[in-house]
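# next come a sequence and a model predicted from it.
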Amino acid sequence: MSNLVQLQSQDWPEPIVRVQSLSQSGSFVLPPTYIKPPSERPCHNSLQTNEVGDIPLIDLSGFDDEALRGGIFDAVGKACKEWGFFQVVNHGVSPRLMRAVKAAWREFFHSPQEVKEEYANSPNTYEGYGSRLGVKKGAVLDWSDYFFLHYRPHSLKDHKKWPANPSSCREETEEYNKEVVNLCGKIMKMLSVTLGLGEKYLQDCFGGEDIGACLRVNYYPKCPQPDLTLGISPHSDPGGITVLLPDDNVSGLQVRKGDSWVTVKPVSDAFIVNIGDQVQILSNGIYRSVEHRVIVNSGKERFSLAFFYNPRSDLLIQPSKLLVTPERPAMYQPMTFDEYRLYIRTRGPQGKAQMDSLKSTSNSTPPCNTMS
């Protein structure tokens, strides 16, 4: 282990080992810390996409055309109910920029270790270069490194905490985030309308323009025994919506469909979009955040960029009163997003355990009354 990078930190419960350094060590055996229980390994109930189909692919090129918009909105609403996931093409984000930002972050993760360590993070905010989620001592870890950065609110954004090398990284990441925020605005409008709410309803519940947004760049190095571990354990995303820029060269994302896991096949220049827990709460369970996980590969590394579009952290999120009826009472207790995400910061990915803990035990929970 002498050639592996270890960092002592008072914040993390154990020494931090970079997964990339494990991958490059030449070992053919996976360390016990990363070996999942048999029931959680990637071969368990996994399906190929041709067995049950893939997540829906939706063309947004007609978003501004009144004659085409209805069909697009309907397709999004159906995808949210049946899958909780969909892919979008012709989404308005420059394909050139998508490729450039992926190349910049690939270069960062291939830079000297001492360069990356300048951005080493802590569990307080996760901002920076990291290798684990959660601070539970003795947890079985995931086979991935990552870089997490804040984009909104502007008070949290600090370019000095973003990589300075390659020299294009900060500028291209800023431009990319700006374009993805615009895409998220379109998606929020579609979700709101398809729930039977006003166009701005969900956006207003998130804080209007004063939302939260962050980016996590995921790096999954080659793994000597990929059948024993996962890149990210099963979880649903705690925030509002997630826009994922996947690796075109290798599949890794798996989505739960019933009792099985479906491997998503990325489409060139497409984004993968999924519903987060906060939209499930606001929709009173009509739209569901779905468990997903990431598998790793023995012959190929993999990169992805996950953009999280979230409510303002201090706003109380609870079911919309327009979606609460005597037949469908409020399903979830109110909670701020700050309170909600502390769960994951403590325990790491835990499937749908956080959502289940929030289920209301009373039908008298006061619903959200934000109106557009």
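All right, it came through fine. Every value quoted in this text rests on a predicted model; they were computed, and no experiment measured them. Numbers count the residues shown, from 1 in each chain.
# so which residues of this structure form helices?
19-24, 49-52, 66-82, 95-109, 113-117, 169-194, 201-205, 277-282, 337-347, 353-357 (DSSP state H).
# what's the least confident stretch among those helices?
Confidence, taken as mean pLDDT, is least for helix 49-52 of the helices of the chain (a mean of 54).
# rewinding a little: any idea which of the helices of the chain is most buried?
Mean neighbour count, computed with mean count of other C-beta atoms under 10 Å, is highest for helix 277-282 among the helices of the chain, reaching a mean of 28. (Each C-beta comes from the backbone N, C-alpha and C, glycine too.)
# residues in contact with that helix?
191, 202, 205-206, 236-241, 287-289, 310-311, 317-320, 331-332, 337, 340, 354-355, 358, 368 (C-beta atoms under 8 Å, 6 or more residues apart in numbering).
# narrow the residues you listed to those in strands?
Among those, the ones falling in strands (DSSP state E) are I241, N310, I317.
# what sits against S251?
S251 touches T263, V264, K265, P266, counting by C-beta under 8 Å, 6+ apart.
# likewise G138?
Contacts of G138 by C-beta under 8 Å, 6+ apart are P13, E14.
# check the gap between it and R132 for me.
In this view, G138 and R132 are 12 Å apart by C-beta to C-beta, to the nearest Å.
# low pLDDT regions in the chain?
Applying pLDDT under 70 to the chain flags the ranges 1-10, 44-45, 47-53, 343-372.
# again, 80 this time
1-11, 44-53, 134, 341-372 (pLDDT under 80).
# that older thread, do you know which of the helices of the chain lies nearest P38?
Taking C-beta to C-beta, helix 353-357 is the member of the helices of the chain nearest to P38, at 20.1 Å.
# and the helices of the chain: which comes nearest G258?
Closest among the helices of the chain, using C-beta to C-beta: helix 49-52, at 8.6 Å.
# coming back round to it: turn the buried ones among the contacts of S251 into a named ChimeraX selection, would you?
Filtering these down to the buried ones (16 or more other C-beta atoms under 10 Å) takes a single ChimeraX command:
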select :263,264,266
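# quick check, nearest of the contacts of S251 to P31?
T263 (25.4 Å).
# how far away is the closest one from V17?
Taken as C-beta to C-beta, the span from T263 to V17 is 28 Å.
# do I55 as well
I55 is 34 Å from V17, by C-beta to C-beta.
# between these two, which is the more surrounded one?
Each of I55 and V17 has its neighbours counted (other C-beta atoms under 10 Å); I55 has more, 23 against 19.
# that one is in contact with F85, isn't it?
Yes: counting by C-beta atoms under 8 Å, I55 touches F85, with 4.3 Å between them.
# need the overlap of contacts for those two.
Contact criterion C-beta under 8 Å, 6+ apart; residues bridging I55 and F85 by contacting each: A79, V255, V264, I272.
# leaving out chain neighbours, which residue sits closest to the last one?
Excluding its sequence neighbours, the residue lying closest to I272 (C-beta to C-beta, 6 or more residues apart in numbering) is L244, at 4.2 Å.
# touching, that neighbour and V273? I think so.
Yes: the criterion here is C-beta under 8 Å, and L244 meets it with V273 at 7.5 Å.
# of the two, which one has the most company?
Taking other C-beta under 10 Å, L244 and V273 do not tie; V273 has more neighbours (27 against 23).
# wait, the more buried one sits on V88?
Yes: between V273 and V88 there is a contact at 5.9 Å, judged by C-beta under 8 Å.
# thinking again about what came up before, need the shared contacts of I55 and F85 in a markdown table (columns: distance to P112).
A markdown table is the format used below for the shared contacts of I55 and F85 (distance: C-beta to C-beta, whole Å):
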| residue | distance to P112 |
| --- | --- |
| A79 | 42 |
| V255 | 36 |
| V264 | 33 |
| I272 | 31 |
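# farthest-apart pair in those, please.
Farthest pair in those (C-beta to C-beta) is A79 and V264. Separation: 12.7 Å.
# tell me, what's touching those two both at once?
I55, F85.
# chain center to stretch 243-263: distance?
Relative to its chain's centre, stretch 243-263 lies at 12 Å (C-alpha atoms, centre = their mean, to the nearest Å).
# gap between the closest residue to W162 other than its chain neighbours and A104?
Spatial nearest neighbour of W162, chain neighbours left out: R170 (4.9 Å); criterion: C-beta to C-beta, 6+ apart. For R170, the distance to A104 equals 9 Å [C-beta to C-beta].
# swap in T325?
49 Å.
# try I232
For I232, the distance to A104 - C-beta to C-beta - is 22 Å.
# Y176 now?
9 Å.
# repeat for E40
For E40, the distance to A104 - C-beta to C-beta - is 33 Å.
# could you do N249 as well?
Counting by C-beta to C-beta - N249 and A104 are separated by 17 Å.
# many thanks, I have nothing further to ask.
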